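**Student:** attaching a predicted model along with its sequence, questions to come.
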There are 2 protein chains.
Amino acid sequence: MILSDKPGFATGLPVAGNGCFSRKNSAGRKTYFIILFMAQSSFIELCRKRVGNAHVISVPEKMASYVTDYRKRYAGKALAVVLPGNTREVADLVRLCKQYRVPVVPQGGNTGLVLGSVPDTSGKAVVLSLARMKRIREIDVKNNTMTVEAGCILDDVHSAALEADRMFPLSLASSGSCTIGGNLAANAGGTAVLRYGTARDLCLGLEVVMADGAVWDGLYKLRKNNTGYDLRDLFIGSEGTLGIITAAVLKLFPRPTTRQTAFVALSSPADALQLLAIAQKVADSSLTTFELMSGYSLELVVRHFPHLLPPLPLERPYYVLLELSGTEPEGQLGERFEKLLQYAIEEGVICDAALSQTVSQSRSMWALRENISAAQAKEGKNIKHDIAVPTSLFAEFIETTDRQLQQYFPGCRTVTFGHLGDGSLHYNVAAPKGVSDDAFLMRQDEVNRIVYDSVDRMQGAISAEHGLGALKHERNAEYKSDVEIRMMRKIREAFDPDNLMNPGKVLP
Amino acid sequence: MILSDKPGFATGLPVAGNGCFSRKNSAGRKTYFIILFMAQSSFIELCRKRVGNAHVISVPEKMASYVTDYRKRYAGKALAVVLPGNTREVADLVRLCKQYRVPVVPQGGNTGLVLGSVPDTSGKAVVLSLARMKRIREIDVKNNTMTVEAGCILDDVHSAALEADRMFPLSLASSGSCTIGGNLAANAGGTAVLRYGTARDLCLGLEVVMADGAVWDGLYKLRKNNTGYDLRDLFIGSEGTLGIITAAVLKLFPRPTTRQTAFVALSSPADALQLLAIAQKVADSSLTTFELMSGYSLELVVRHFPHLLPPLPLERPYYVLLELSGTEPEGQLGERFEKLLQYAIEEGVICDAALSQTVSQSRSMWALRENISAAQAKEGKNIKHDIAVPTSLFAEFIETTDRQLQQYFPGCRTVTFGHLGDGSLHYNVAAPKGVSDDAFLMRQDEVNRIVYDSVDRMQGAISAEHGLGALKHERNAEYKSDVEIRMMRKIREAFDPDNLMNPGKVLP
């Protein structure tokens, strides 16, 4: 229930249509309260008519998981959560929301990290969950494409591709619960971007419900299509602010038949970049993963998950997990991989290396990488950054930012890891020993300022793969040029003149 | 010189600012003539001041090559051709054009095939050639990027990349004269799209002069960047209608060390698709080219270029040129290639195959593919189509469209060839024997209708890689949904409210 002394503002309802209210009426709040109550309940009733009673949630306790963010640090409020079952119902709901001026927050698996898929605390918005729309509409093996609804869980997309003897390469930690619609809305990244690109690069077509309720059938299954402006890429990464993605055509790839993983010890990020250059030259597109991990991140892993055993002693400042995969015969790939590592050792680029000989060895190496975030969480709170800079500047970025942070926060601990191969990094900062997490988190803005200023000096991005949502949009606008922000606003106004599509996200 | 009886319309000049003219004046045309003359000459003078006398061409004979299209079938007119030397000058000119309401036609190498880079016949527009802006601003080897100005010739980009021991893979027939700005504005394709993508996929950042003269510095050198709407991809493929690309950051790749080409004879497009599936499974990303050529296209080549010798007798209805390249050792790649072809022969998918053993053999195979267009031109005029359909439907497309054309134009000859691997095809139709080219060309609309209706039934695109320009924009709008055209219009209005950026292109 919304309380407000400004009728027509809280829900945005055109007050004239709501019966007894009159501008000259002096009854004040109480009158407005009744009017709003009636308007809201009639709106929710209409939602129920559109999608069925069972698919509208308006009891606060049952809405909790939909309005709370993935990291459980923020809880918003919603008028209701609605779960349409098909594209027509999504369109009906969007039209209804437009009529009643109710903001819409589209939601997939709600695994985002930037508050992009949760409503604000006003309680005015509807969460439109795509969770029921999880049909795989088509797999076209000859065309190497798959048409899926937005609510498909990423793991289910993977399985369906494998069943058709193909692969969908988007690879994320949250693949058991994130949805393909959310992945596209956020332009998700992950550990296979180096070879296969981000979510954007893996999508050929979209079906989108526009802010006016019109449905755009842009489900093109074409790898080449020069018949107008690139609307697809405008929606991808727009975090539901320009329209709601309801279905997508995804690219499929041949299943690699061979895969080998190496775990490598190094002295510095600069050496890691040299190794990357060697690996790219030798392995080209067979190089599918290149992940940097600081020694400290791995120390946390073995401290909190002692059953995970590193294949090399943890006595160096940096490590790299790299993977080669392809369709060439196993022995040939292994031979190339060995030569690559041998050359890097001879050149003094790496200190030591372990090359997986079995699938289980490869999995153990991956487990170290995959448990860094969990180990960090067990260690305590920290200030996270998901940043990108040109690969050529990574060593300099880490060195100068580490130094500046130590200057302002002596003893603070940075957990540095991520997708060095594609130029992005998770650069997380934890309190110095002896300083409480909460006291350190109070200074989050100062820490962010140091890190983001450093990113900006190197012409980087303060969000590499997580997006902006309601967490980074203000900071982002500070670093962007006016020209760029103005263009973004123009597009938004053109697509959503009423500002009802996920308002307060992406742009401040 | 423009003659018009509507002052302020021809050049769009705000008439009030032009001296002696008065609405009540009854002198008629002559007065307007003088006013326009003065306005035009002062506009051109201002252009000269902005970019220097030597860089403004206003003599019609000297403008000819700038206003005539690549295929020499169309000649427009221009007020002047201006050649700015840097981004600031481009911005100055765009502001000047806005002030005087002069339409701007941006131009690179003027090699486009859809009348996208030439002005209409009104003579009101200025051609803004980027030809002088051909500086390579930076090669960042460690980041695998290159920052170039829009006027760089594609061949020069290739050479600069090779000098840095890298490769820029965009591969087009016109690479000796087309420019990277034009390639991006049109989202060019070519013969390496299968492995490396279109121009869009090869670009990380842009510098763009907007319709209001503001300069957007979007020269990001990042492979991951989720800090807002994807403006880059909006400009790419927009054919200069949303802004003028002045510079770009391009992706570089490792130079393949091995490359082998095969020339294969087949019975049908369906078999070609089966071969594609086998090649993708066996060779994955090593498969860099997969070009279909009908037997008739190759007959034309050997008829008009008798020194070009096919490696197999031309007695089958279809042929495929496929290439594998990579960084694996030469012998290994060759062995894989042989196995692939052997398997395809055993399975009855292909009739015969020749595998290049030397660079010169590979070149001879390529020469057959590359001379199809030239041979066709020597044979006579034809009606060209650059289309895409889902790869899985290609055999059906060719079969049904061939049949329908034969029904309406018995004996007409189709020259079918192109990038089957990425799902696009050049499907050109020539007159039946005994019918003159010109008589057949009179029926171009009917031919187009049959071909494009067929494309539309298969959810294809009537432009795969050439764009829309002023040649296909009307036809395209007929096939697109209202929702899509409306979105495109909204974007255009938001970016160019005065409709001065390459007007009459892309959208009707």
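**Tutor:** Received it, and whenever you're ready, just let me know what you need. Values in this document were obtained by computation on a predicted structure and should not be read as measured data.
**Student:** mind listing the helices for the stretch 301-450 of chain A?
**Tutor:** A:330-346, A:359-370, A:372-379, A:394-408, A:437-441, A:444-457 (DSSP state H, counting those that start in this stretch).
**Student:** for residue A:289, which of these is the nearest?
**Tutor:** With CB to CB, the closest approach to residue A:289 among those belongs to helix A:359-370: 8.9 Å. The way it works is simple: take the backbone N, C-alpha and C, and place the C-beta from them, glycine included.
**Student:** all strands for the stretch 201-350 of chain A, in order.
**Tutor:** A:203-210, A:215-218, A:243-251, A:253-254, A:258-266, A:287-294, A:318-326 (DSSP state E, counting those that start in this stretch).
**Student:** closest one to residue B:322 among those strands?
**Tutor:** strand A:253-254 (15.3 Å).
**Student:** that closest one - contacts with which helices or strands?
**Tutor:** strand A:166-167 (3 or more CB pairs under 8 Å, 6 or more residues apart in numbering or on different chains; DSSP states H and E).
**Student:** can you redo the strands of the stretch 201-350 of chain A as CSV with mean neighbour count?
**Tutor:** Formatted as CSV, the strands of the stretch 201-350 of chain A follow (neighbours: other CB atoms under 10 Å in any protein chain shown):
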stretch, mean neighbour count
strand A:203-210, 24
strand A:215-218, 20
strand A:243-251, 27
strand A:253-254, 19
strand A:258-266, 23
strand A:287-294, 24
strand A:318-326, 26
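**Student:** wait, which of the ones you listed is closest to residue A:413?
**Tutor:** That would be strand A:287-294 among the strands of the stretch 201-350 of chain A, by CB to CB, at 9.8 Å.
**Student:** how far out from the middle of the chain is the closest one?
**Tutor:** 19 Å (CA atoms, centre = their mean, to the nearest Å).
**Student:** next one: stretch A:388-406
**Tutor:** Distance, stretch centre to chain centre, for stretch A:388-406: 23 Å (CA atoms, centre = their mean).
**Student:** how about the CA coordinates for that stretch, as CSV?
**Tutor:** Extracted in CSV, the C-alpha atoms of stretch A:388-406 (Å, rounded to 0.1, in the frame of the first residue of the first chain):
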residue,chain,number,x,y,z
ALA,A,388,38.1,-3.3,-18.0
VAL,A,389,41.2,-1.5,-19.4
PRO,A,390,43.1,-2.1,-22.6
THR,A,391,45.0,-5.3,-22.1
SER,A,392,48.3,-3.5,-22.8
LEU,A,393,47.7,-1.4,-19.7
PHE,A,394,46.8,-4.1,-17.2
ALA,A,395,50.1,-4.4,-15.5
GLU,A,396,50.3,-0.7,-15.1
PHE,A,397,46.7,-0.5,-13.8
ILE,A,398,47.3,-3.2,-11.2
GLU,A,399,50.6,-1.7,-10.0
THR,A,400,49.5,1.9,-9.8
THR,A,401,46.1,1.2,-8.3
ASP,A,402,47.6,-1.2,-5.7
ARG,A,403,50.1,1.5,-4.8
GLN,A,404,47.5,4.3,-4.4
LEU,A,405,45.2,2.1,-2.3
GLN,A,406,48.1,1.3,0.0
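**Student:** for that stretch, give the mean pLDDT please.
**Tutor:** Taken as a whole, stretch A:388-406 has a mean pLDDT of 97.
**Student:** need the contact partners of it.
**Tutor:** For stretch A:388-406, contacts defined as CB atoms under 8 Å, 6 or more residues apart in numbering or on different chains pick out A:268-270, A:272-273, A:276, A:412, A:414, A:416, A:420, A:423-425, A:427, A:429, A:447, A:450-451, A:454-455, A:458-461, A:464, B:140-145, B:221-225.
**Student:** for it, buried residues please.
**Tutor:** The neighbour-count check on stretch A:388-406 (16 or more other CB atoms under 10 Å in any protein chain shown) flags A:388-398, A:401-402, A:405 as buried.
**Student:** go on, stretch A:72-87?
**Tutor:** By 16+ other CB under 10 Å, the buried positions in stretch A:72-87 come out as A:76-84, A:87.
**Student:** confidence-wise, which helix or strand of chain A is lowest on average?
**Tutor:** helix A:29-51 (a mean of 72; mean pLDDT, DSSP states H and E).
**Student:** may I have the beta-bridge partners of the residue lying closest to residue A:256 once chain neighbours are set aside?
**Tutor:** The shortest distance from residue A:256 to any non-neighbouring residue, by CB to CB, 6 or more residues apart in numbering or on different chains, is to residue A:325 (3.9 Å). Under DSSP bridges, the beta-bridge partners of residue A:325 are residue A:259.
**Student:** residue A:325 and residue A:162, how far apart?
**Tutor:** 14 Å (CB to CB, to the nearest Å).
**Student:** check residue A:417 too.
**Tutor:** Taken as CB to CB, the span from residue A:417 to residue A:162 is 28 Å.
**Student:** nearest to chain B within the stretch 1-150 of chain A, name that residue for me.
**Tutor:** Here the residue of the stretch 1-150 of chain A nearest chain B is residue A:142; by CB to the nearest CB that distance is 3.6 Å.
**Student:** what about the nearest residue to that residue once chain neighbours are set aside, distance to residue A:140?
**Tutor:** What sits nearest to residue A:142 in space, not counting adjacent residues and going by CB to CB, 6+ apart, is residue B:392, at 3.6 Å. In this view, residue B:392 and residue A:140 are 5 Å apart by CB to CB.
**Student:** and chain A, split by domain according to the record?
**Tutor:** What automatic domain parsing lists as the domains of chain A is A:2-131, A:136-254, A:258-374, A:380-490.
**Student:** got those domains as a markdown table, with distance to residue B:439 columns?
**Tutor:** Converted to a markdown table, the domains of chain A look like this (distance: least, CB to CB, whole Å):
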| stretch | distance to residue B:439 |
| --- | --- |
| domain A:2-131 | 48 |
| domain A:136-254 | 30 |
| domain A:258-374 | 50 |
| domain A:380-490 | 49 |
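**Student:** low-scoring stretches of the stretch 351-500 of chain A, by residue?
**Tutor:** For the stretch 351-500 of chain A, no stretch is flagged by pLDDT under 70.
**Student:** which parts of it sit against chain B?
**Tutor:** Applying CB under 8 Å from any CB of the partner chain, we find that the stretch 351-500 of chain A lies next to chain B at A:388-393, A:419, A:422-424, A:459-468, A:476, A:480-481, A:483-484, A:486-488, A:490-495.
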